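> Okay, predicted coordinates and the sequence, questions at the end:
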Amino acid sequence: AALRAARRDRSVRAVVFRVDSRGGSAVASDVIRREVALTREAGTPVVASLGDIAGSGGYYIVMDADAIVARPGTLTGSIGVYIGKPVLAGLMERLGVNNESVDGGAHAAMLGPDRGFSESEWERVNAALDHTYTDFTGKVARARGLSDEQVDAVARGRILTGRDARDGGLVDDLGGLPAAV
């Protein structure tokens with residue numbers, strides 16, 4: 001909403017977008033990344049200032065900025081995707097909690113906490129993770145003007161310092177918020 005408001009406000013000459021995030025949802029990150037891109041396309045420059053951490057979704061949201069500034073020690077990147085699923089069947093049984101569901105298909109309840117993934121569900125999960133990872137790395141390559149090989153060298157969940165991220169093409173300059181401004 002703040003990016004949209006800045007984009008519409010003719011008195012805003014530029015946006016400094018401060019990010020300090022370990023990441024989060026790929027979908028939510030992509031929504032914010034798109035707002036950054038739309039703000040740039042509308043003619044309002046966007047400069048990202050990375051705080052202590054800009055990992056995974058924290059980097060995802062700024063990759064389309066006109067410039068990305070990080071401190072030398074900022075934990076940056078972690079361009080990767082993972083999923084976690086708690087399996088609580090034993091705990092629920094010990095607590096005397098009964099879980100029942102009506103499922104509409106073979107994989108309808110695959111993300112439920114009452115059991116682990118079957119082999120076919122693991123195939124689905126891995127295909128979804130591969131698709132999300134390919135989308136993420138492709139967007140990084142396009143946004144940062146890097147080849148797929150260059151992105152691969154800094155991706156796969158690696159965590160970089162701001163200095164290493166600059167050397168790998170993920171960050172444009174080193175400094176704090178004053179440098180971004």
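Perfect, thanks for sending it.
> C-alpha from now on. contacts and neighbour counts both.
Will do.
> element containing the closest residue in space to I61 that isn't next to it in sequence, please.
Distances taken as CA to CA, 6 or more residues apart in numbering place R33 nearest to I61, at 4.2 Å, with adjacent residues excluded. Using DSSP states H and E, the element containing R33 is helix 26-41.
> mind exporting that helix as PDB, just the C-alpha atoms?
C-alpha atoms of helix 26-41 as PDB (Å, rounded to 0.1, in the frame of the first residue of the first chain):
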ATOM      1  CA  ALA A  26       6.900 -16.700  -1.900                       C
ATOM      2  CA  VAL A  27       3.500 -15.400  -2.900                       C
ATOM      3  CA  ALA A  28       3.600 -12.400  -0.500                       C
ATOM      4  CA  SER A  29       7.100 -11.600  -1.600                       C
ATOM      5  CA  ASP A  30       6.200 -11.700  -5.200                       C
ATOM      6  CA  VAL A  31       3.300  -9.300  -4.600                       C
ATOM      7  CA  ILE A  32       5.700  -6.800  -2.900                       C
ATOM      8  CA  ARG A  33       8.300  -7.300  -5.700                       C
ATOM      9  CA  ARG A  34       5.700  -6.500  -8.300                       C
ATOM     10  CA  GLU A  35       4.800  -3.200  -6.500                       C
ATOM     11  CA  VAL A  36       8.500  -2.200  -6.500                       C
ATOM     12  CA  ALA A  37       8.600  -2.900 -10.300                       C
ATOM     13  CA  LEU A  38       5.400  -1.000 -10.900                       C
ATOM     14  CA  THR A  39       6.700   1.900  -8.900                       C
ATOM     15  CA  ARG A  40       9.900   2.000 -11.000                       C
ATOM     16  CA  GLU A  41       7.800   1.700 -14.200                       C
END
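> if you average pLDDT over it, what comes out?
The average pLDDT within helix 26-41 is 96.
> Next, name the residue at the spatial heart of this structure.
G57 (1.9 Å; CA atoms, centre = their mean).
> next SSE after the longest helix anywhere in the chain?
As assigned by DSSP state H, the longest helix anywhere in the chain is helix 119-144. Along the chain past helix 119-144, the next helix or strand (assigned with DSSP H and E) turns out to be helix 148-154.
> so for that following helix, what's the average pLDDT?
95.
> in that helix, what counts as buried?
Residues of helix 148-154 classed as buried: 151, 154 (neighbour count, 16 or more other CA atoms under 10 Å).
> Tell me how far the helix or strand following that helix lies from the chain's centre.
Using DSSP H and E, the helix or strand that follows helix 148-154 towards the C-terminus is strand 159-160. Taking CA atoms, centre = their mean, to the nearest Å, one finds strand 159-160 lying 14 Å from the centre of the chain it belongs to.
> Run through who's touching strand 159-160.
Strand 159-160 has contacts (CA atoms under 8 Å, 6 or more residues apart in numbering) with 55, 74-78, 154.
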